[in-house]
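> Have a look at this fold, sequence not included:
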């Protein structure tokens, strides 16, 4: 009887040790995910608006709101990027649907606004994925910053093009 009890205790001990090892592995995995979500995503600012473009954009409050939101994304943790993604996509939608400046109401500008909106929607969708990795969020944030930079670049180029055309008209009239 003692042998049976000893074997039973030994078996119970071995089974319980195995469970402890599995629990420790789970805790370590969770800690790794925690560390990964607290890592900052740092990106360059990209192209900004020149002074003339900033004056033009003053009449477009949706752009100003999105610009303030984008400032958070230049250095953000992946978890914060996911938490703020819904607001970003809402601001990108409002911007896309509200081109208030006739000079910017053109197809090439609308394409860039659509790219920004679609990319921000992808980031917002990532929030619902439980097994999302830091690298995926980082890549999407970089795409969003690049899309916003492309919008700024286009605005600057449109104004430069208009200035050149105005100078040519002035030169031809003289």
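Here it is on my side, so go on. Bear in mind that the values here come from a model prediction, so they are computed numbers and not experimental data.
> Now do the residue nearest to the spatial centre of the chain against residue 152, distance only.
Central residue of the chain (C-alpha atoms, centre = their mean): residue 141, 3.1 Å from the mean position. With the distance defined as C-beta to C-beta, to the nearest Å, residue 141 ends up 17 Å from residue 152. Where C-beta positions appear, they are placed from N, C-alpha and C, glycine not excepted.
> next one: residue 109
11 Å.
> With neighbour numbers in mind, choose between the two.
residue 152 (21 against 18; other C-beta atoms under 10 Å).
> what's that one sitting at in phi/psi?
In terms of degrees, to the nearest 10, the main-chain angles of residue 152 are phi -60, psi -40.
> what do you get for residue 105?
Dihedral angles (degrees, to the nearest 10) for residue 105: phi -80, psi 70.
> lowest-confidence helix or strand of the chain?
helix 2-38 (a mean of 46; mean pLDDT, DSSP states H and E).
> on that earlier part again, okay, buried residues for the host helix or strand of the residue nearest to the centre of the chain please.
Assigned by DSSP states H and E, residue 141 falls within helix 134-173. With burial defined by 16 or more other C-beta atoms under 10 Å, the residues of helix 134-173 counted as buried are 134, 137-138, 140-156, 158-159.
> Could you find the closest non-adjacent residue to residue 48?
residue 152 (5.9 Å; C-beta to C-beta, 6 or more residues apart in numbering).
> my bad, should have said residue 93
In space, residue 93 is closest to residue 117, 5.7 Å off (C-beta to C-beta, 6+ apart).
> which residues touch the residue nearest to residue 48?
Neighbouring residues of residue 152 by C-beta atoms under 8 Å, 6 or more residues apart in numbering: 46, 47, 48, 49, 53.
> repeat that with 7 Å
By C-beta atoms under 7 Å, 6 or more residues apart in numbering, residue 152 lies in contact with 47, 48, 49.
> Touching, residue 137 and residue 81? I think so.
Yes: with contact defined as C-beta atoms under 7 Å, residue 137 and residue 81 form a contacting pair (5.6 Å).
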